[in-house]
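[1] Here is the input, now give the coordinates:
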Amino acid sequence: ALLACASETVVPATGTLVDVADVVEAGAVAPVNGISSSGQPDEAALRVFADSGYSAVIDMRGPDEDRGMANERATVEGMGLDYIAFPIASGAEINFDTAKELDALLQGIDGPVLLHCGSGNRVGALLALRHSLNGASDDEALERGREAGLTGLEPLIKERLGEK
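    Okay, the predicted model is just below:
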């Protein structure tokens, strides 16, 4: 019976990044240190996050990016979650000032949070900078960023870490 319960929860083995299809298949999701990151969730995935006790969704996609649903804000809020638009539309917005803003935002949310962009790359980038701000070494910050979805923006993050 314990194994059956355990198999219903997706707990990311390597970090905060979750695959939305896996979340839907499992029917449950658990955050790492209060955070899950992902690419664009669909309505079914958002329902699983809501049913799993998440408090908020932070959407890092720009206003003109396709979300695959008519109105993500209305969908999220209709499920009882807070929806926070935190658009990151360019590499110039991925910096320590924005990471500080994200950190303050996260500190003000009571309960687990889903952060998403299109793939998780922007989320991982800002979380890497956030970890650096909170005392992580550059290597630790990069690893935490990778665990949250950092891929193609890694050279930019290395550059930003060098600017500290």
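[2] Residues in a beta bridge with V113, which ones?
    On the basis of DSSP bridges, V113 is bridged to I35, A56.
[3] which residues are contacting the helix or strand where L161 lies?
    According to DSSP states H and E, L161 maps onto helix 154-162. Helix 154-162 is contacted from outside by 91, 94-96, 125, 128-129, 132, 138, 141-142, 145-146, 150, using Cβ atoms under 8 Å, 6 or more residues apart in numbering. Backbone N, C-alpha and C define where each C-beta goes, glycine included.
[4] Could you do stretch 58-76 as well?
    Under Cβ under 8 Å, 6+ apart, the answer for stretch 58-76 is 40, 42-43, 46, 57, 82-89, 102, 105-106, 113-118, 122-123, 126.
[5] Now intersect those with the helices, please.
    Judged by DSSP state H, helices contain the following of the contacts of stretch 58-76: E43, L46, L102, L105, L106, R122, V123, L126.
[6] Could you take those residues and lay them out as JSON lines, with extra columns for pLDDT, distance to V20 and neighbour count?
    Formatted as JSON lines, the ones in helices among the contacts of stretch 58-76 follow (pLDDT from 0 to 100; distance: Cβ to Cβ, whole Å; neighbours: other Cβ atoms under 10 Å):
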{"residue": "E43", "pLDDT": "97", "distance to V20": "10", "neighbour count": "15"}
{"residue": "L46", "pLDDT": "97", "distance to V20": "9", "neighbour count": "25"}
{"residue": "L102", "pLDDT": "97", "distance to V20": "21", "neighbour count": "21"}
{"residue": "L105", "pLDDT": "96", "distance to V20": "22", "neighbour count": "15"}
{"residue": "L106", "pLDDT": "95", "distance to V20": "20", "neighbour count": "17"}
{"residue": "R122", "pLDDT": "97", "distance to V20": "16", "neighbour count": "29"}
{"residue": "V123", "pLDDT": "97", "distance to V20": "13", "neighbour count": "31"}
{"residue": "L126", "pLDDT": "97", "distance to V20": "19", "neighbour count": "30"}
